[in-house]
Each structure stands twice: as C-alpha cells, then as structure tokens.
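Colleague: My questions concern the predicted model and sequence given below.
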Amino acid sequence: MSIHDRGRVTAVLGPTNTGKTHYAIERMLAHRTGVIGLPLRLLAREVYDRIVKARGPSVVALVTGEERIVPERVQYWVATTEAMPEIGADFVAIDEIQLCADPERGHVFTDRLLHMRGLHETLFLGSDTMRPAIAALVPGVQFQRRERFSTLTWSGSKKLSRMPARSAIVGFSVDDVYAMAELIRRQKGGCAVVMGALSPRTRNAQVAMYQAGEVDYLVATDAIGMGLNLDIRHVAFSATHKFDGRRVRALFPHELGQIAGRAGRHTEPGTFGVTGEARPLEDGLVEAIENHRFQPISRLMWRNAALEFGTMDRLVQSLETASGHELLSRGREADDLHALKSLRDMPEIRDKVQGGKDVRLLWDVCRVPDFRGISPTEHTGLLSRIFGFLQEGTIPSDWLARAVQRIDRTHGDIDALSKRLAYIRTWTYVAQRTGWVEDEKHWRGETRAVEDRLSDALHAALTQRFVDRRTSVLLRRLKQKESLVAEVNDKGEVTVEGEFAGRLEGFRFRPDQTGSADEAKTLNRASYEALKPEFHLRADRFYNAPDTELDFTEQGGLMWGDSAIGKLVRGPDALHTGVQVFVDDEAGEEIAEKVKRRLQHFIDRKVAALFEPLIAMQKDEALNGLAKGFAFRIIEALGVLPRDGVATEVKELDQEARGALRKHGVRFGQFTIFMPALLKPAPTRLRLVLWSLAEGLDEFPESPPPGLVTIPHIAEVPDGYYTLSGYRPAGERAIRIDMLERLADLLRAQDTRGGFEANPDMLSITGMTLEQFAALMQGLGYAAEKGEREKLKTVEPVAPPPAPEGEGSDAPLTEEESVLAAETRARWEAEQAEKRRAEAEAAGETPQPEETAPEIEVFYTFRWAPKPRANRRPQGDGQGRRGGGPRRDGAGGQESRGEPGNKSARDGGKPRGKGPKKGGKPQHSGPKTYTARPEKKADPDSPFAVLAALKDKK
C-alpha cells in the first residue's frame, strides 16, 4: 500500500467546540485552490454559503450526492466526503476524520485519509482519539491539539418538565423523538426536531427556528453530534443505547462525548446529563467526557479502492480483498456491495452484463443510496430497472415523470411526507449522475423543486405538531422582558403579539381552552401582562359610559352591553342594594373599585328614577301618625300591597291620612293598595329583583310580558310573586291589579245578591270570552250559574257616551274616575233600555216568531258566594279571605275586600311583615349564587316556563 504525501500534512485534533472547521476554511482561502470534504450534506451547504459570502459564487463549487453547483471558473470545492473530486488542488481538508471507524461509511474516510492530499497543505480535522492511527498511517504528519473554548460539566438527571432553556434532548428512535417533542410542546410551548432522515432543507428550517429563539428546546437524534453549530447550553440523553442497523448496543464513550460536546457555544459553558428512563452515567465515563479523554481508535474501516471491472465476480472479489494492515479492517458489508451481489445472482442481469463497460455501469448503479429504506429486495428491483434503462441509453422521461408525479404531493402527516421525501431523494441523486437522464438540467431542477416543496411541507407539519407558536412567542417576549402588545376586537377576542389568547368579557379574561394546563398557565401570564393597559382604558370608557349602555337582568346581573360586569347583592333594605363586581384580581384593586363605583351610581339612579313616587313618600316629613306608618308598609312592599292583609290598618286611616297618601299616588283599591305608576313594566321588573335580593332567593321570579291583562295562574308559583308582578290570582288566570279595580267598579253597580250577567264592558276590560270570564269570577268569590236561552234580535247599537278623561288611556284610573265611569255607563244603559221599550209600544207590534229554529245563546248569572274555593290556595301571613259580608270602612269612601257593592262590614286580617308572599319565604337548599347574563332562559320544568313562553310570543 502506497501513501502519497504531497505537501505539509497536519492533523488538527481535539474536542468539539474548538473552531476546527472555521480554521480549515481560513486555511483554504489562504491558497489559490482547495477542496474540503465534510461528513454531512447539511454541513457542506453551510460551509459553501460561508465561502460564497467571502469570495463570491463564481469561484465556489458545491458537490454532494444530491446537489451539484459547479461554475466555470472554480477555485474552491465544497463537497461531502463521498463526493470529493479527485483533482490537483493546493489545499485539501477532511472534517470529522474519526469517522474512519464508522462501520458503514468508515471505508470512504479511510480512503481519503490514505490518498487525498493537497499540493501544498493537507488538514485532517477530528477527535484526538485518531492520533495513534494517523501517526501510524501518515508519515511526517504534524499534530495540533485544540482545546475547548468553554467547560463541559455533568449536571445529573432532570425531568423534561424541569429542563432548562436552550437544551437539546437526544433520542435514538423516531418514536422516542416524537414522544418527547409532544411532551415538550405541552409543557414548554414547543421544540425543533432534527433527525438524520430529514432533508437538509427541513433540518435547516428547524435549526433556524431554534437559533432564532422561536423555541427554546431541540429534540434530536445523534445527528446533532456532527457539524451542527448550535446555541445549546445543555444536552440531555434520553437513552444510552441505540440500534445501529444490525443490533441494539450501548453508545461508545467517544460517541457520548461527541454529542455532549455540542453543549456550550464558544466561551459559554455547557452541561450534559440524562433524562427520562436513562440511567446516570458512571463517574469514570463522566470524567472522560468532561476532559475529552477516550480510548484511542485502534481499527479503521477499509475497502479496496483498486477495483477490477472485468467481470462481476472479479469486481466482488476486489471489493472483498483484505488490507493486509493491522489497523485497517474490512467493515460490515456496505449497501452497494450487497446490491451488487444481489444483482449478480439475477439471471436477467447476468445475461445483460457482457463486458467491463457493463460491469462499471452496474457498479455505478449499485452505488445509488437506499434512501427509501423499504427493503433490500425493493431496492435491488429498482436498481435492476434503472440498469436496464441505462443499457439502452437513458432513463425514459415519461417513466421518470410518472415516478416523480406520484411523489409530488404535499398533503399528509409527518410520516407520509418523510417517506415521499426519501423517495424523491433517490431521483434527485439519479438526476445528478451525468448521462443518466435525457434533459439533465430539467430533471435536476424538477427533482430539487419537488424535494424543496416536500421539505417545506415536512417542516410545516413538524412545526404544527410540535410547536405551539402562540405560547412560544409569548414565552420568548416574557423572557426578553419586552412589552407585549395586546389587541381586543369588537367581539372581545384578545390577541397578544398577533396570537389568539382568549376573550375579554367585561373585565374578566377568558383564556383559550384548546391547549393544555401548562400552556394555559403560560398564556394567562403573558396575556395579563399585555392586558394591563387595556384594563385601564376599558375602565375609563366604562366609568364615562352613559346609563343607557348599562342594564340589569332579571336574575340580578349587571351588564355593560353584552358583558357581565357584576351583580346586585343584598343591601341594608330593598331600596338600597349593593353591587359585587366581576373584575379579575390581575386587573388590580384600582380597576375593581372604579367599576364598583360606576355600577353603584347606575343602580342608585335606576332605583331613584323608577321608584321616584315611593322614595318621595319615604322622604315626606309631612306624613305623621297612622299615615306615616301605613306609608312604611307600602314602601316595604315596594308599592303593591294586598288589601286583605292590611284591612285593619286601612280601617284606622281617617280621610286626612288617606288624602296625604293619595297625594303621593297611592290608590286604595278594593283588592289592592298600590301606586299605579309603579305597575309599569320597568318598575315591575326592578321590583322583582329588589324583593328577591331582600328575601335572599337563589332563583329570582321573572316579570310577565308587558301588555297582558291576564296571565296563567300556575299552582307552583307563590301568589306573592303575582302580587309583586302587578297581578292577582283568580281561578286559572291572574288579572292585572289595575284592571281588576276597574272591573270592581263595574261590579259595584250590579245586584250581587240577586244576580247579574256580564256586560260587554266587563268582557272588554278583561279581554276574555264569556266562559273565561266565568272562571275568573269564580276565582274572585262569585258563583256562576250557566243557562241557555233564545237569543234576542240584535238592535242597531247606539254609541255610548264619551268616557271620562283618562278612562281610555293605558294609565290606571284613579279611584274617583272609576266611580264616575261606572255611574255614567249605568245611566246610559238604563236610558237605552227605556228608549227601546218606548219604540216598541209606539209601533204597536208584537214580535212574530221566525220560521227557523230560534238561536240559542249561553249566559251566566253571577252571585256573590263567599265560600272556600278549591282552585284558590289561601294567602299566607293573613292575606287569605276570612269570610264576612261586604262592607265599607268607616273612614272609607272605598269598600273593603268583601262582596262588591254591599254596605255591611267585616274585620280585616293581621298586619303583614315584609312584601307579599305565600306561606313565608320559599326554602332553597345549597349555596346562594348569582349569575349575570342578558336574560335567563326559563327551565322547561320550572313553574315560570309558561310565563317565559308568553314573553317570547310577545
């Protein structure tokens, strides 16, 4: 074996992070021409870009198995070790020379060690473990040892969740890498992924993402052990065993040292350790890695370079020739030799190979790498097809186009894209061979374009799966202590640095729930940091907002537009309620206090406006004695008080006291003492909320739809709720309080002992049919006797007299107006009846019987029947009927609750405590909670469901 040494030969050896590659580039550029061989296509591209930046693209060539850029005036060649051109150059450098011991690729590096020389200078770069072998094989070599610029220290075992930033976690299988990357994405926001199976473009994109700080973690295979110069501070091994293609074995110490040495950049110190199920390293191994002291490499892989192409057998024999040197050993059978033997055994191939030219062509085909990795048989079949084409000329373009087209699809998951990328790399390699395809320029560009598209798609898929960009961006900004920019659109959607973070509902932030708990924690931290200015701006807008933008819900919620801002809480009394604000603690006490003041101002003004008559009566110092006490009862009942519960107090009021109360709008009705102004929809809605708060209810009754004279009487709903809503239950229906008093005015003119029929005015007031009216009257204590009779011939109606002022309006009539209206209508009806009788007598005619059957009509006769009614439940707290005949109280002017129109007296019930209710306060179990929302939908099983349905129809 002859070793040619032309010029100075130097071996620059030492651990990683010593700047050996940078030194080689400087040395090459000091010469007129040069060639540098690198172990990875990725590293070759990186070095090529650096030299192009220094000298320009016109003098720099890049040659790899899958890429070839060769300008006309080349001075410097950058290549993978396998693709190094055999030319006479002033300078030659081979990086990672310790790969001479690699079982698969070692023979290539050994060949370059023995035979590649520069005319003036040759450099071998690598580990110090190669010193004895180089010294034995390369006479006259000079050695330079380069020390690390920084220290490397063992840090023990750490969980992935506690891994420091700028860490690389190393695994030795695709499944392990994916599992760790998924875990880091959930806990840390994401990571970059680097594997040997990735294309250089994909690996570059992943590495660039890590280097740019978009992610702080890198999950990789042992591919990071060579060539990749990264900003890594800590390397963690998830395992210390790997499958090397033949068997699972423990990593050699120098392999562990090569990977661990990637921690620490330039002068920054680095650490290494283990994680997951990996056992801690032994002390001796730790010391060796820290000091980079390993056992020297004692055997290099070698394969005969002097090949014989006479026949296939002679070629195989020359490839299997022994070296005859104790340091040089044949490695495992390489893929190209295995493919050659397989093709040699195929009869169709033996028939085609006729001479040395065919043998040389066959060997070139066998050297096509098995990027697909499906199986040796599949790879051999592909090589056979390619060899057949090349014997006849070139690979047909239509056949190659179909093969490439099947691969050119960028959809699918990571595994599918990785497989297609491996397939296209085969055709990229084929297209780079001179004379193998018809249009070399086209197919080199086409296959490279497909590889780039698949590489970009794979990078996107890896990023989508293993990087939560939202969390990673926020973490990076927080780490750099930069101010975060938050934006809130009109829908309340919050974006922080352009990433969706959640929704801002009023002054409460609702983070996006699509991520994990760890992601949510990071998201909340970043979002609240960014929302601090927004909280202050929003608080200012809210404080200055008009009352028209605020509202309360029927469940006590306080709204600003569609956002819940707080809720009403029980105060010292019903008219003075408190507020509880919905403001996140992170917004600060200042914001919460400002929102609370604004809400308190709103509800105070709302109560003052809607209950103005009640508050005016409360502040009237002219009221005294019984009038003042009775005013307190009305105020306590929020303006609506059933008369049968305060009959005694009403009896004791003299005319002066009544007059003082009437000045404040109090009406003494036959059934209810009330303030007509407070029966409008807005005060009624607020009255129910205030009463519910004072009673401590968990669920508030909702007000009926406005404009209805009667509503269904639901047995499960306490009668007190109807009273507060402005209605009085009567049978199956509940009638509005003011309309009931108008009906009572009409009934007062009737003979309630002898019996009477309903007239059109009664039906008009209630808006009922005759049958519905009969049920209502029974609910009010009347007996309804049904009968049939022949329907009288209708007479042309005469217009009734004009109603007194105010009767036709929506506002309830006053007590005096009601009496006047009833008397006027009674006189008019009597006059009309007398007029019809006189006209009949003057005509002297008697009605002739009609030939057809007479039309029959149904009528009801109503009589006062004070007896217990099965369809009415007794009123609690003295509100129920106690019997007794009708009467008018002594000071009265207005009848007591008894038979309408009768002058006899009866005793009243006991005084009530708070507002009207049935049987005391409803009992509820569980904690008292309130929700704030625009409107509470009634539960279908709730007794309020019918009322809610009526509201919807309205």
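Modeller: Noted; the coordinates are in hand.
Colleague: any low-confidence regions in the stretch 401-550 of the chain?
Modeller: Applying pLDDT under 70 to the stretch 401-550 of the chain picks out residues 469-486, 497, 514-523.
Colleague: Show me the strands in it, by range?
Modeller: Taking DSSP state E, counting those that start in this stretch, the strands of the stretch 401-550 of the chain run over residues 486-488, 493-496, 499-505, 508-511, 550-552.
Colleague: Reformat those strands into TSV and put mean neighbour count next to each item.
Modeller: To be clear about C-beta, it is placed using only N, CA and C from the backbone, and glycine gets the same treatment. What follows is the strands of the stretch 401-550 of the chain, written out as TSV (neighbours: other CB atoms under 10 Å):
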stretch	mean neighbour count
strand 486-488	17
strand 493-496	19
strand 499-505	19
strand 508-511	18
strand 550-552	19
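Colleague: do you know which of the ones you listed lies nearest Glu589?
Modeller: Between Glu589 and the strands of the stretch 401-550 of the chain, the shortest gap by CB to CB is with strand 508-511, which sits at 15.4 Å.
Colleague: in its sheet, what does the closest one sit against?
Modeller: Taking DSSP bridges as the criterion, strand 508-511 forms sheet pairs with strand 499-505 (antiparallel).
Colleague: His120 is nearest to which of the strands of the stretch 401-550 of the chain?
Modeller: When the strands of the stretch 401-550 of the chain are compared by CB to CB, strand 499-505 sits nearest His120, at 56.0 Å.
Colleague: if we can go back for a sec, present the strands of the stretch 401-550 of the chain as TSV; the columns should include distance to Val353.
Modeller: Listed next are those as TSV, based on distance: least, CB to CB, whole Å:
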stretch	distance to Val353
strand 486-488	71
strand 493-496	67
strand 499-505	62
strand 508-511	69
strand 550-552	92
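Colleague: Figure out which of the ones you listed is closest to Lys352.
Modeller: For the strands of the stretch 401-550 of the chain, proximity to Lys352 was assessed by CB to CB; strand 499-505 is nearest, at 61.1 Å.
Colleague: so where's the stretch 651-800 of the chain shaky on pLDDT?
Modeller: Confidence mapping of the stretch 651-800 of the chain against pLDDT under 70 gives the ranges 793-800.
Colleague: Please, where are all the strands along it?
Modeller: Read by DSSP E, counting those that start in this stretch, the stretch 651-800 of the chain holds these strands, from start to end of the chain: 667-668, 672-674, 710-712, 727-730, 733-736, 782-790.
Colleague: mind putting those in TSV, mean neighbour count and distance to Gly588 included?
Modeller: Supplementary listing: these in TSV, determined by neighbours: other CB atoms under 10 Å; distance: least, CB to CB, whole Å:
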stretch	mean neighbour count	distance to Gly588
strand 667-668	21	51
strand 672-674	25	46
strand 710-712	19	47
strand 727-730	26	46
strand 733-736	26	49
strand 782-790	14	65
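Colleague: Neighbours of Met675, how many?
Modeller: Counted with other CB atoms under 10 Å, residues neighbouring Met675 total 22.
Colleague: Can you tell me how far it is from Val666?
Modeller: When distance is defined by CB to CB, to the nearest Å, Met675 is 6 Å away from Val666.
Colleague: Now list whatever residues contact both of these two.
Modeller: Here Met675 and Val666 share the contacting residues Ile634, scored by CB atoms under 8 Å, 6 or more residues apart in numbering.
Colleague: residues of stretch 647-663 that come out buried?
Modeller: The neighbour-count criterion (16 or more other CB atoms under 10 Å) identifies Ala647, Glu649, Val650, Lys651, Glu652, Leu653, Ala657, Arg658, Ala660, Leu661 as the buried residues of stretch 647-663.
Colleague: picking that back up, of the strands of the stretch 651-800 of the chain, give the one that comes closest to Glu287.
Modeller: The nearest among the strands of the stretch 651-800 of the chain, by CB to CB, is strand 710-712 at 89.4 Å.
Colleague: Redo the strands of the stretch 651-800 of the chain as CSV? Include distance to Tyr23.
Modeller: Formatted as CSV, the strands of the stretch 651-800 of the chain follow (distance: least, CB to CB, whole Å):
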stretch, distance to Tyr23
strand 667-668, 105
strand 672-674, 100
strand 710-712, 94
strand 727-730, 96
strand 733-736, 98
strand 782-790, 114
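Colleague: what about these, which gets the closest to Ile134?
Modeller: Ranking these by their distance to Ile134 (criterion: CB to CB) puts strand 710-712 first, at 102.1 Å.
Colleague: partner strands of that closest one, parallel or antiparallel?
Modeller: Take DSSP bridges as the rule and strand 710-712 pairs in its sheet with strand 733-736 (antiparallel).
Colleague: Return the distance of the partner strand from the chain's centre.
Modeller: Taking the mean C-alpha point of strand 733-736 and that of its whole chain, the gap between them comes to 48 Å (CA atoms, centre = their mean, to the nearest Å).
Colleague: Just the buried residues of stretch 647-663: which are in helices?
Modeller: Per DSSP state H, helices hold the following members of those: Ala647, Glu649, Val650, Lys651, Glu652, Ala657, Arg658, Ala660, Leu661.
Colleague: That concludes my questions; thank you for your assistance.
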